[in-house]
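A.B. asks: With the sequence up front, the predicted model follows.
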Amino acid sequence: MMLQKLKALLLNLNSASKEDTHIPPLFHSVVMHPRPDRIYDKLRGRFGFLNWWPGDTHFEIFVGAVLTQQTTWKNVEKAIANIKRAGRMDLDSISRMHLRNLEAMVKPSGYYRQKARRLHDICSIIKREYGSIDGLFKLGSAELRARLLSMKGIGEETADSIALYAAGKPTFVVDAYTRRIMHRIDHKISEKISYGDLKLMFESNLKPDLTLYKDFHAQFVELGKNICKKRDPLCGGCPLKSVCETGASRTGDIKWHGGV
Ligand code: SF4
């Protein structure tokens, strides 16, 4: 009888750990003030739903995510246009293309030799191991993230951007805007908080909803670029000023009470 109870207990623990791969139990109790859904509602109320990260195919979005490191999206668009104009925007073509040709095409995105080499090598690996980009994207969220991170030239932000926008996996993307805005909203959150910790703060307080995650990141980028600027944030016209510690001190808003 005792043995049966022990077996049942172990089975329960085992099934719970398999289902619960998205959020480590340690982070279930992290409570954010203000709640992230409240932040999102305020941003969406101002900017509307942002149809972000355009691309005609999953592969094009993937290429954009690899090329966008250390440059502006405008420059990436020029590189993407070059590849498309040449009719080479597919996994086979890029993995077989002569490096010199690929370098010329991605030149507008900067660091073109390094980026061409990396894009070429990553495409060759995907072609060899998975046959197609959608073959790679069949991996589960955690497995896909780990595989992308194991490829040279793909860091956490790029891996999550690919998983979210190209593969359609609900994984939260963190970038410099996210760090800056969250630190200004709540000074207890360090601007140097690790990528993983900030990501888990959001994921442990939000449902893993693909549309929400895609749009939330886009909203942060919109705010960070145009309002919560690095040097001189425009707090007076910010949709988050009523929940933001920095906004309250800069605008003298005495109604702010901790951003709950
Ligand atoms: S209120 Fe100011 S500091 Fe706070 S998020 Fe808005 S712009 Fe940034």
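C.D. replies: Arrived safely, thanks for sending. Numbering: from 1, shown residues only.
A.B. asks: residues of stretch 79-93 that come out buried?
C.D. replies: 79-80, 82-83, 88-91 (16 or more other C-beta atoms under 10 Å). Any C-beta I mention is one placed from the backbone N, CA and C, and that applies to glycine too.
A.B. asks: can you give me the helices in the chain?
C.D. replies: 2-19, 36-47, 58-67, 73-85, 91-96, 99-106, 112-130, 133-137, 141-149, 156-161, 176-185, 195-203, 210-226, 245-251 (DSSP state H).
A.B. asks: what about the closest residue to Arg38 other than its chain neighbours, distance to the ligand?
C.D. replies: Of all residues not flanking Arg38 in the chain, Val243 sits nearest, at 6.6 Å (C-beta to C-beta, 6 or more residues apart in numbering). Val243 is 8 Å from the ligand, where distance means C-beta to the nearest ligand atom, to the nearest Å.
A.B. asks: Can you name the residue of the stretch 101-250 of the chain nearest the ligand?
C.D. replies: Closest approach between the stretch 101-250 of the chain and the ligand, counting by C-beta to the nearest ligand atom: Gly247, at 2.5 Å.
A.B. asks: how about the residues of the stretch 151-260 of the chain near the ligand?
C.D. replies: Contact residues (C-beta under 6 Å from any ligand atom) of the stretch 151-260 of the chain with the ligand: 181, 184-185, 227-228, 233-235, 238, 240-241, 244, 246-247.
A.B. asks: same thing but 5 Å
C.D. replies: Proximity of the stretch 151-260 of the chain to the ligand, by C-beta under 5 Å from any ligand atom, involves residues 184, 227-228, 233, 235, 238, 240-241, 244, 246-247.
A.B. asks: Adding neighbour count, write the residues you listed out as a markdown table.
C.D. replies: As requested, those are exported to a markdown table (neighbours: other C-beta atoms under 10 Å):
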| residue | neighbour count |
| --- | --- |
| Arg184 | 21 |
| Ile227 | 20 |
| Cys228 | 22 |
| Pro233 | 22 |
| Cys235 | 19 |
| Cys238 | 24 |
| Leu240 | 23 |
| Lys241 | 21 |
| Cys244 | 27 |
| Thr246 | 19 |
| Gly247 | 23 |
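A.B. asks: which of those sit farthest apart?
C.D. replies: Ile227 and Thr246 (12.1 Å; C-beta to C-beta).
A.B. asks: Overlap in contacts, those two.
C.D. replies: Pro233 (C-beta atoms under 8 Å, 6 or more residues apart in numbering).
A.B. asks: can you list the residues of the stretch 151-260 of the chain next to the ligand in a markdown table and add distance to Val66 and pLDDT?
C.D. replies: Listed next are those as a markdown table, based on distance: C-beta to C-beta, whole Å; pLDDT from 0 to 100:
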| residue | distance to Val66 | pLDDT |
| --- | --- | --- |
| Arg184 | 30 | 97 |
| Ile227 | 29 | 98 |
| Cys228 | 27 | 98 |
| Pro233 | 31 | 97 |
| Cys235 | 35 | 97 |
| Cys238 | 32 | 97 |
| Leu240 | 31 | 97 |
| Lys241 | 36 | 95 |
| Cys244 | 34 | 96 |
| Thr246 | 34 | 96 |
| Gly247 | 35 | 94 |
